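Novice: Got a predicted model here, sequence first, then my questions.
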Amino acid sequence: MNTAHRGAMLECVQGDITQQPDMDAIVNAANGALLPGGGVAGAIHRAAGPGLVQECRKLAPIHPGEAVSTGGHRLPNRHVIHCLGPVYGVDEPAAALLASCYRQALRLAEQQGLASVAFPAISTGVFGYPLEPAARIAVNTVKATLAECPGIKRVRFVLFSAADLACYRRVLAETGE
């Protein structure tokens, strides 16, 4: 599903975040130490190779709601933007911290002159954020932040499962223009 908003195309696809060669940057649902782990962070670090860990060491630690940018290393993307989402029920205010991840990532992309960014469903894995509220925060925050990021022309939500994809598509359709 694709929809246009403020001159940018918003897309939802099911797939692997490390296999988005047409995107300038992908977003890592990182841990605070910016180290390889499970889920999205593990997949990105495996695909990017050891250079990513070395570059991340200089930037860690980060706190919930923050984002930092690195090179893509062996990934097909020029950049990886690392966001630390909130652990649901622990890091509060969770909704504001999650929204900050999306806002900060888009602002970094804009500052670096990037035109396209692919996001996973930040905080919905081991961090336990319920999918539908997380999807609403993601979509609404991206739409609101695009007003201050005119250089960004494509935002893609890359979802792991068919159920996640269906949820994001529904939310995107409900928040249409």
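Specialist: That came through fine.

Novice: quick one: contacts for residue 164?
Specialist: The contact partners of residue 164, by CB atoms under 8 Å, 6 or more residues apart in numbering, come to 14, 121, 124, 131. From N, CA and C alone the C-beta is placed, and that goes for glycine too.

Novice: Select from the residues you listed the one having the most neighbours.
Specialist: Neighbour counts for these (other CB atoms under 10 Å) peak at residue 124, which has 26 neighbours.

Novice: and the gap between it and residue 39?
Specialist: 10 Å (CB to CB, to the nearest Å).

Novice: count of neighbours near residue 105?
Specialist: Neighbours of residue 105 under the rule other CB under 10 Å: 27.

Novice: show me the contacts for it.
Specialist: Residue 105 makes contacts with 27, 67, 81, 83, 117, 119, as judged by CB under 8 Å, 6+ apart.

Novice: one more time with 7 Å, if that's ok
Specialist: 27, 67, 81, 83, 117 (CB atoms under 7 Å, 6 or more residues apart in numbering).

Novice: Compare these and tell me which is most surrounded.
Specialist: Per-residue neighbour counts (other CB under 10 Å) across these peak at residue 27, which has 31 neighbours.

Novice: what about that residue, which SS state?
Specialist: Here residue 27 is strand, with the state taken from DSSP: H, G, I helix; E, B strand; the rest coil.

Novice: Would you confirm that it contacts residue 83?
Specialist: Yes. Applying CB atoms under 7 Å, one finds residue 27 in contact with residue 83, separated by 5.8 Å.

Novice: circling back: same list (the contacts of residue 105) but as CSV, adding pLDDT.
Specialist: Converted to CSV, the contacts of residue 105 look like this (pLDDT from 0 to 100):
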residue, pLDDT
27, 98
67, 97
81, 98
83, 97
117, 98
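
Novice: got a markdown table for these, with distance to residue 48 and secondary structure too?
Specialist: Listed next are the contacts of residue 105 as a markdown table, based on distance: CB to CB, whole Å; DSSP: H, G, I helix; E, B strand; the rest coil:
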| residue | distance to residue 48 | secondary structure |
| --- | --- | --- |
| 27 | 13 | strand |
| 67 | 17 | strand |
| 81 | 13 | strand |
| 83 | 16 | strand |
| 117 | 16 | strand |
